[in-house]
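[1] sequence and predicted model, in that order:
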Amino acid sequence: MATRLRPSSKRCAVIGGSGFLGRHLVERLMDRGYTVNVFDIRQAYELPGVTFHQGDLCDRQALLLALKEVSVVFHCASPAPASDDRALFQRVNIDGTRTVIQACHEAGVQKLILTSSASVVFEGTDIKNGREDLPYAKKPIDYYTETKIQQEKLVLEACSKDQGFLTVAIRPHGIFGPRDPQLVPILVDTARRGKMKFIIGDGSNLVDFTFVENVVHGHILAAEHLKADSPLCGQAYHITNDEPVRFWDFMSQILEGLGYSAPRYHLPYTLVYGIALLLWLMAVLLRPLIQIKPTFTPMRVALAGTHHYYSCARAKKDMGYQPLVPLREAIVRTVESYPHLRKGA
Ligand SMILES: NC(=O)C1=CN([C@@H]2O[C@H](COP(=O)(O)OP(=O)(O)OC[C@H]3O[C@@H](n4cnc5c(N)ncnc54)[C@H](OP(=O)(O)O)[C@@H]3O)[C@@H](O)[C@H]2O)C=CC1
Ligand SMILES: CC(C)=CCC[C@@H](C)[C@H]1CC[C@H]2C3=C(CC[C@]12C)[C@@]1(C)CCC(=O)C[C@@H]1CC3
């Protein structure tokens, strides 16, 4: 058992602090005068004043070193959804999160803020202005999301005012911004391969895309408002840009901003979904012989062709959340941050 030292309320740890969201969070916390420990499986950068602890969050002893004298823990580590590795999702998101909670108890941590996902309620069919009281998806869209559901339940159930251990879950949706290794790079790669010509469905489906700085703002507000007498204890909060946008308009703005053509031709949703399902089945059947990674998975087609946007009224009411960066400015700043992905670069 580690020796308990008195935690300072401005000393925090960011598990997953080398990742896309984690690094933005670390930078903002530093600006706000926090002392930050980063715990991550890799060290991606160096920042004066930040202490790095490299390790696997499933390793309790390694975690304990990073949580010494820490009062607030942000847990935003996860294997990438695209890794499609069931055993890894189970080990890191479920078993690892149990280890994080246990280590927090042992180190005397007072608050745990989990980065969950709005997709925990998404089953591949329309969600319009979804609130946090929607039930968890019975059939989650993929195994990553299934483990995000279990992870969120573990963290919220661990909230105990009696033990002085308070927890809250932030559910962002479609995070984007500078240094994102997913959204813009996938989009540009698809365009460069000549596959961004088609709009799935009629193109009117609304989706939340959330600028990374707004997601960070939601996390810090949650940490600062999480108190024993506050409504945040053991609750989940949607954090979005609060400006649902047509999925295909958003994609087109990013593509055109980087010099690529926007998709123009429409394909029926059911047709594309059916083809994606078929390709996915073939990939599964052929897996022992050859590894195929189709661009059009059923999950991606569902994300691209349905409405999925969420209300953040609860976050506004309980923690005074308002997005700091509007969508238009966020898109411009994102496009400008990827000069190497411009057409012809
Ligand atoms: N990006 C998005 O649109 C959304 C993300 N989220 C959630 O936000 C969080 C952050 O996502 P994002 O920043 O995009 O992801 P990243 O992959 O950029 O960051 C996650 C970080 O966690 C690290 N990590 C993975 N496994 C472990 C482990 N066992 N021990 C320690 N560190 C580990 C990763 O290392 P490595 O890269 O080597 O794996 C990476 O540095 C995640 O929980 C994700 O589920 C929720 C909704 C939307
Ligand atoms: C709102 C939300 C949850 C976004 C998450 C990010 C990714 C899942 C998307 C980022 C780029 C998207 C994309 C497609 C699907 C969803 C993304 C991967 C397509 C593969 C959908 C089918 C196409 O026609 C091409 C798209 C490329 C970009």
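    Looks like it came in fine. Ligands and ions are numbered 1, 2, ... in the order given.
[2] what about the residue of the chain found nearest ligand 2, how many neighbours?
    Residue nearest to ligand 2 within the chain (CB to the nearest ligand atom): G174, separated by 2.8 Å. Every residue, glycine included, has its C-beta placed from N, CA and C. For G174, the neighbour count with other CB atoms under 10 Å is 23.
[3] quick check: phi and psi on it?
    Backbone torsions of G174, given as degrees, to the nearest 10, read phi 60, psi 60.
[4] give me every residue in the protein that's in contact range of ligand 1.
    16, 18-22, 40-42, 56-58, 76-80, 92, 96, 115, 117, 148, 172, 174-175, 182 (CB under 6 Å from any ligand atom).
[5] drop anything exposed from these.
    16, 18-22, 40-41, 57-58, 76-79, 92, 96, 115, 117, 148, 172, 174-175 (16 or more other CB atoms under 10 Å).
[6] list the buried residues for stretch 112-127?
    Quick answer for stretch 112-127 (16+ other CB under 10 Å): 112-124, 127.
[7] now stretch 211-225
    Per 16+ other CB under 10 Å, stretch 211-225 contains these buried residues: 211-223, 225.
[8] now, the residues you listed that are in helices?
    212-223, 225 (DSSP state H).
[9] need the max-distance pair from the residues you listed.
    Spanning the widest gap among these are V212 and H225, at 20.4 Å by CB to CB.
[10] counting by contacts, list what the helix or strand hosting L21 packs against.
    Assigned by DSSP states H and E, L21 belongs to helix 20-31. The contact analysis (3 or more CB pairs under 8 Å, 6 or more residues apart in numbering; DSSP states H and E) places helix 20-31 against strand 8-15, strand 35-40, helix 212-225.
[11] quick check: what element follows the second one along the chain?
    Translated: strand 35-40. Next helix or strand after strand 35-40 toward the C-terminus (DSSP H and E): strand 50-54.
[12] what's the helix or strand just after that next one packed up against?
    Reading on from strand 50-54 to the C-terminus, the next helix or strand found by DSSP H and E is helix 60-67. Packing partners of helix 60-67 (3+ CB pairs under 8 Å, 6+ apart): strand 8-15, strand 35-40, strand 50-54, helix 96-107.
[13] please redo it, this time with the cut-off set to 7 Å
    Judged by 3 or more CB pairs under 7 Å, 6 or more residues apart in numbering; DSSP states H and E, helix 60-67 is in contact with strand 35-40, strand 50-54, helix 96-107.
[14] relative to the first one, what are the paired strands and their orientations?
    The one in question is strand 35-40. Strand 35-40 has the following strand partners under DSSP bridges: strand 8-15 (parallel), strand 50-54 (parallel).
[15] C233 versus R328, what's the distance?
    Computed as CB to CB, to the nearest Å, the R328 to C233 distance reads 36 Å.
[16] can you check G305 too?
    37 Å.
[17] between the two, which has more neighbouring residues?
    G305 (24 against 18).
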